[in-house]
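Asker: Return a 3D structure for these sequence lines:
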Amino acid sequence: MSDEKSQERDALRRAAILRAARECFLQFGYAKTSLDDIARRANISRPLIYRKFKNKDDIFTAVIEELFEERYPRAEQVLASPGTRRDKLLRVYEILLLEPWDELMGAPMAADFYEVCSRLFPQVEARHVRQQLKLTQALLESKELSEVFMLAVDGLQADLPATRVLRRRLQLLAERFVP
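Answerer: Numbers count the residues shown, from 1 in each chain. From the prediction side, this is the model:
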């Protein structure tokens, strides 16, 4: 098999593993998801998972990374696009917060997913917080104001609201920070 075909097959396999893992984590929770569950859902053997990932932690980290990494370039494009600071702030948070929220919150173990990320993988969460702070600060200009905004956004999520409720709360908050 050609090297290109092999790389393509590896990429497809990795994507299938991550998709299956995300579904399992959101359905059963992190603690109750096994590599066997992921392998069955991905329709591959467990040893094949070990060729791509060291362990369940490695898979969970990759699921989180995949959820957010592709969003950053889109958010940075918003910064360069025309519009008011408030509109841009709302569009950035639509991409970084509301889209993933909408994807995850209907799942039975969505709250567990977020909690596990912050409790077991603080370095992953910290990296995303830094990236979010950078994007927020580009719009609000002050680091301190950006940190307060982000803390307020965290508070908006505390009761795990529906996406439309979270979107409305975010609009109200943005109006206070960027009149």
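Asker: correct me, but residue 35 touches residue 48?
Answerer: No. Judged on C-beta atoms under 8 Å, residue 35 makes no contact with residue 48 at a distance of 10.5 Å. (Each C-beta comes from the backbone N, C-alpha and C, glycine too.)
Asker: So between those two, which is more surrounded?
Answerer: Higher neighbour count among residue 35 and residue 48: residue 35, with 18 against 13, using other C-beta atoms under 10 Å.
Asker: OK, contacts around that one?
Answerer: Applying C-beta atoms under 8 Å, 6 or more residues apart in numbering, we find residue 35 in contact with 46, 49, 55-56, 59.
Asker: and which of those is nearest to residue 88?
Answerer: residue 59 (34.3 Å; C-beta to C-beta).
Asker: can you count the residues close to the closest one?
Answerer: Under the criterion other C-beta under 10 Å, the count of neighbours that residue 59 has is 23.
Asker: got a list of contacts for the helix or strand hosting residue 115?
Answerer: Element membership of residue 115 [criterion: DSSP states H and E] is helix 110-120. Residues outside helix 110-120 that contact it (C-beta under 8 Å, 6+ apart) are 25-26, 29-30, 57, 60, 64, 104, 107, 124-125, 160.
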